[in-house]
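Provide a 3D model corresponding to the input given below.
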Amino acid sequence: MTDQIDLTGKLLIAMPGMGDPRFAHAVIYICAHSDDGAMGLMINKPTDDLRLRDLLEQLSIKATPDTRDIRVHFGGPVEHGRGFVLHDYGYHSSISTLDVNEDFAMTATLDILEDLAEGRGPGKALMALGYAGWGPGQVEAEIAENGWLICEADHGLVFQTTDAEKWEASLKKLGISALALSADAGHA
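Now for the predicted structure:
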């Protein structure tokens, strides 16, 4: 990355003036960021009623009594038929896991679903269908235009805070009240 902040492993918090309604009050965990663009998963937009067991059934993977009850999230508008699991660093797929940093990893292969069905797999996991993607320089431009705030990610915020509270909790972590935010960018 040339003279730019590396957003990998950070959270993007949508500002109130976000023009795209799909990202209203969104909190996005950035899994990868480079000169080629960025890829992240929305962590606070659950699907209506889709759960891990529903996905397993659709994929003909047998659930067991040990299968955890995990809610599926809308990860973003790109490839919304493809699944991703953001999880703690301790789990690594036998096929492919992207190590985001020393705290988080992401796996997008069927073996993690098979492991979760068997009650194995990562200790902490967030499932998402689709992802948010940006081309070269696009996310940086959106940040410069007051579209996003940047926040450090932690396990408590990503995995334990309720979806409905993640946006305000992310702002609070920055010391910002949601009531104090303006939808308009300031210009001096």
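
going forward, measure contacts and count neighbours with C-alpha atoms only.
Will do.

ok, Thr8 to Asp66 distance?
Taking CA to CA, to the nearest Å as the measure, Thr8 falls 32 Å from Asp66.

Neighbour count for the two, which is higher?
A direct count of neighbours by other CA atoms under 10 Å for Thr8 and Asp66 places Thr8 higher, at 17 against 11.

And the helices in the chain, which stretches?
If DSSP state H is used as the criterion, the helices of the chain fall at 52-58, 110-117, 138-144, 155, 163-173.

closest one to Ala14 among those?
Among the helices of the chain, the nearest to Ala14 by CA to CA is helix 163-173 (8.1 Å).

deepest of the helices of the chain, which one?
helix 110-117 (a mean of 20; mean count of other CA atoms under 10 Å).

Give me the neighbour count for Gly175.
Gly175, neighbours per other CA under 10 Å, totals 9.

mind checking how far it is from Ala169?
10 Å.

what's the answer for His92, then?
From His92 across to Ala169, the span is 29 Å (CA to CA).

if I pick the nearest residue to Ser94 once chain neighbours are set aside, what's in contact with it?
In space, and not counting its chain neighbours, Ser94 is closest to Asp111: 7.4 Å by CA to CA, 6 or more residues apart in numbering. By CA atoms under 8 Å, 6 or more residues apart in numbering, Asp111 lies in contact with Ser93, Ser94, Ile95.
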